[in-house]
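Q: Here is a sequence with its predicted model. Questions after.
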Amino acid sequence: MGFRTKLMLSYIFLIVLITGSFYFYIGHVLQKEMIEESRANLANQAQLARLLVISNNGVQPPQQLAETVGTVIKARVTLIAPNGTVIGDSDVGKARLGQLENHLQRPEVQDAIKNGTGSALRYSDTLRISMLYLAMSYGSGTPEGVIRLAMPLEYLASTRSTLHGVVGGAALVTVLIALLFSGILSNLTSRPLRDMAEAAASIGQGGRGARIKVTSRDEIGKLAGVMNEMSERIEEQVQRLSAEKQRLDTILSSMGEGIMVTAPDGVITLVNPAFRRLFSISGDVEGKKLVEISRHPDLLEAFKELGKPDVDELLREISIQPNDCTLFTHWVPLNVSGVRQGIVAVFHDISDLKKVENMRRDFVANVSHELRTPVTIIKGYAETLLDGALESDPVRARRFVEIIASHSERLTNLINDILTLSHLETKEALMELFPLDVHGTISKACMLLRESADQKRILIVNESDGCKLPRVLADQGRLEQVLVNLLENAIKYTPENGTVRLFTEDIGEFVRVSVADTGIGIPFKDLSRIFERFYRVDEARTREQGGTGLGLAIVKHIVQLHGGDVSVSSEAGHGSLFSFTLRKA
């Protein structure tokens with residue numbers, strides 16, 4: 001007998017054993033439960049019958065009473081006297097009552113007389129069927145009699161037969177199913193080579209944890225052991241490669257430079273988030289050609305040029321107009337074992353470097369221009385004085401010296417402003433912030449510029465006097481410099497008989513300080529650039545007023561170093577409003 005047959009027979013034997021045990025157990029338990037349930041129902045009916053008998057009070061004869069109660073509760077009712085004589089029975093006529101045996105020795109009657117209730121399950125000689133009896137005594141004090149209810153158990157036999165048929169059918173079906181599955185299971189169990197083939201296929205598809213259970217030490221067992229070792233080595237290699245890939249993905253994702261890898265035909269195989277950000281690309285780009293995601297001529301030209309066999313490296317600078325972005329690109333071929341497999345391009349965003357370079361160039365040009373004018377004037381008048389004007393025309397010479405002194409002062413102011421701005425832009429520029437009352441600094445700035453305002457008959461109104469505001473965190477000297485610069489500008493560009501107002505506001509975490517004038521105002525097109533270095537709305541008028549073009553740039557840097565913001569609102573011909581914020585102490 002083969003292993004498959006033995007396994008199949010063992011399955012069948014186990015199923016038959018379990019099914020047979022279940023069959024007999026269910027039959028026994030069900031019959032017991034049904035009898036107990038019938039006894040409980042019969043007890044409830046007996047209680048009802050007892051109440052009916054007690055409430056009768058001898059109105060009806062015992063036989064008639066038994067028949068009436070039996071009709072009501074639909075059960076056999078027997079009334080028994082205390083001496084055991086049957087005085088009424090719903091299923092036996094009055095003529096036959098005398099033929100019935102004395103019921104005093106019946107166990108249910110004995111229990112009812114002694115305990116008030118009794119029950120028994122036995123064969124009835126009168127009706128010649130198995131019956132369930134339940135008896136109760138009635139009467140106050142000494143029992144006046146016993147009422148007994150009887151229920152035939154024929155329906156239990158019918159129910160048990162039905163159950164046996166159902167369980168037997170289920171057992172037969174179970175055995176048939178067991179035959180089918182035992183054949184299938186034995187076939188699977190007897191073929192360990194099939195497990196090996198499945199495990200090998202899983203390993204080949206990259207599945208992890210694929211192992212073959214070694215159940216023997218023969219050639220099949222040895223083969224299974226070898227395949228398990230091979231599976232472990234492959235998993236280690238896959239995990240190492242996966243870790244390397246994750247590390248590479250993390251590096252590419254965290255790089256600020258854009259990375260693009262393409263196949264030789266221009267199909268993109270890899271890009272990092274920085275590349276998507278630079279070219280404003282959303283969605284999948286892998287699998288698309290370079291020309292589909294960008295039609296920038298410099299980009300396509302660089303790709304085509306690197307495709308030439310004699311080009312091993314390419315450096316290009318391209319500009320992306322929509323984002324106003326300048327990119328420095330580095331193109332190299334991707335060679336594997338000496339065969340070109342694609343192209344790798346790195347995109348460096350040098351927009352900020354370009355802006356810094358342009359700002360430096362503009363700054364040098366502006367400084368050179370600003371310095372050239374006073375130096376040229378000073379040199380010209382000094383040469384005129386040296387040529388004899390000093391002795392020949394003292395009055396004229398004095399005027400020349402005043403001009404030289406004026407431009408020297410302008411030159412000094414310009415150099416001081418440049419040094420101040422340069423210091424503020426360095427990392428070492430730190431503010432000594434202390435809690436202070438902003439009203440005192442505003443009053444001091446107003447006092448310093450009162451004389452200049454009076455010369456133009458300009459009224460300075462300090463509306464912050466009397467206002468209760470919390471103290472602010474500020475550098476006393478730098479805050480005074482901001483207020484003086486703003487007040488100087490307001491006085492310079494306000495005509496005679498004008499007004500300059502200073503007021504403060506509490507705006508949550510900050511205090512806003514504002515300087516408003518009734519001056520010439522600023523055109524809308526110049527508002528966005530008003531805080532740039534050397535930017536002037538009217539260059540001729542600014543130079544005439546002695547301005548350096550750096551005052552507002554200095555104001556902006558000082559306020560930002562305090563952690564606040566500076567803003568301006570103006571309309572040409574209707575004055576200007578400059579405001580800045582300071583953090584509360």
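A: Cool, got the structure.
Q: What count of nearby residues applies to residue 388?
A: The tally of other residues near residue 388 (other Cβ atoms under 10 Å) stands at 10. Heads up, the C-betas are built off the backbone N, CA and C, glycines and all.
Q: same deal with residue 425?
A: For residue 425, the count of nearby residues is 12 (other Cβ under 10 Å).
Q: Contacts only, for it.
A: With contacts defined as Cβ atoms under 8 Å, 6 or more residues apart in numbering, the neighbours of residue 425 are residue 557.
Q: I'd guessed residue 86 sits against residue 79; true?
A: Yes - judged on Cβ atoms under 8 Å, residue 86 makes contact with residue 79 at a distance of 7.3 Å.
Q: which element is residue 332 on?
A: If you go by DSSP states H and E, residue 332 is part of strand 325-336.
Q: Could you do residue 560 as well?
A: Assessed by DSSP H and E, residue 560 sits inside helix 551-561.
Q: what residues does that helix touch?
A: Under Cβ under 8 Å, 6+ apart, the answer for helix 551-561 is 417, 420-421, 424-425, 429-431, 475, 478-479, 481-482, 485-486, 488-489, 530-533, 565-566, 578, 580-582.
Q: partner residues bridging residue 569?
A: residue 577 (DSSP bridges).
Q: That one: how many residues sit nearby?
A: 13.
Q: so it sits right up against residue 576, yeah?
A: Yes - Residue 569 lies in contact with residue 576 (Cβ under 8 Å); the separation is 7.4 Å.
Q: Quick one: list the elements packing against the helix or strand harbouring residue 36.
A: Element membership of residue 36 [criterion: DSSP H and E] is helix 3-56. Under the contact definition 3 or more Cβ pairs under 8 Å, 6 or more residues apart in numbering; DSSP states H and E, helix 3-56 sits against helix 62-73, strand 117-124, strand 129-138, strand 145-152, helix 154-189.
Q: Enumerate the positions of stretch 487-496 that are buried.
A: Buried residues in stretch 487-496, defined by neighbour count with 16 or more other Cβ atoms under 10 Å: 487-494.
Q: meant to ask about stretch 550-565, not that
A: Buried, per 16+ other Cβ under 10 Å, within stretch 550-565: 550-559, 561-562, 564.
Q: and what of stretch 287-297?
A: Applying 16+ other Cβ under 10 Å to stretch 287-297 flags 290, 293, 296 as buried.
Q: now swap in stretch 256-265 and tell me
A: By 16+ other Cβ under 10 Å, the buried positions in stretch 256-265 come out as 257-262.
Q: Ok, stretch 309-328 next?
A: For stretch 309-328, by 16+ other Cβ under 10 Å, it's 314, 316, 318, 320, 325-328.
Q: got it, and stretch 41-61?
A: Neighbour-count burial for stretch 41-61, counted by 16+ other Cβ under 10 Å, picks out 42, 45-46, 49-50, 52-53.
Q: Output the below-cut-off pLDDT ranges for the stretch 201-350 of the chain.
A: Residue ranges of the stretch 201-350 of the chain with pLDDT under 70: 203-210, 214-216, 218, 220, 322-323.
Q: so where do the strands sit in the stretch 351-500 of the chain?
A: Applying DSSP state E, counting those that start in this stretch to the stretch 351-500 of the chain gives strands spanning 434-436, 459-462, 472-474, 499-507.
Q: Alpha carbons only: can I get the helix or strand just after the longest one in CSV?
A: To tie it back to what came earlier, the one meant is strand 499-507. Once strand 499-507 ends, the next helix or strand along the chain (criterion: DSSP H and E) is strand 510-517. Written as CSV, here are the backbone C-alpha positions of strand 510-517 (Å, rounded to 0.1, in the frame of the first residue of the first chain):
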residue,chain,number,x,y,z
PHE,A,510,4.5,94.6,16.7
VAL,A,511,4.4,98.4,17.0
ARG,A,512,4.2,100.3,13.7
VAL,A,513,5.9,103.7,13.3
SER,A,514,4.9,105.9,10.4
VAL,A,515,6.2,109.1,8.8
ALA,A,516,3.8,110.9,6.5
ASP,A,517,4.4,114.1,4.5
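Q: Looking at strand 510-517 now, give me its mean pLDDT.
A: Across strand 510-517, pLDDT averages out at 94.
Q: contacting residues around the closest residue to residue 334 other than its chain neighbours?
A: Leaving aside its sequence neighbours, residue 334 sits nearest to residue 342 (Cβ to Cβ, 6 or more residues apart in numbering; 4.2 Å). For residue 342, the contact set (Cβ under 8 Å, 6+ apart) comprises 261-264, 269, 333-334.
Q: Can you report phi and psi for residue 342?
A: phi 160, psi -160 (degrees, to the nearest 10).
Q: ok, now how distant is it from residue 332?
A: 10 Å (Cβ to Cβ, to the nearest Å).
Q: Identify the residue spatially nearest to residue 269, adjacent ones excluded.
A: Nearest non-adjacent residue to residue 269 (Cβ to Cβ, 6+ apart): residue 261, at 5.1 Å.
Q: Please apply the same query to residue 273.
A: residue 253 (5.6 Å).
Q: where in the stretch 51-200 of the chain is pLDDT low?
A: For the stretch 51-200 of the chain, the stretches with pLDDT under 70 are 58, 126-127, 141, 155-157, 185-194, 197.
Q: what's stretch 53-72 in contact with?
A: Under Cβ under 8 Å, 6+ apart, the answer for stretch 53-72 is 48-49, 52, 76-79, 87-91, 94, 97, 138-139, 145, 147.
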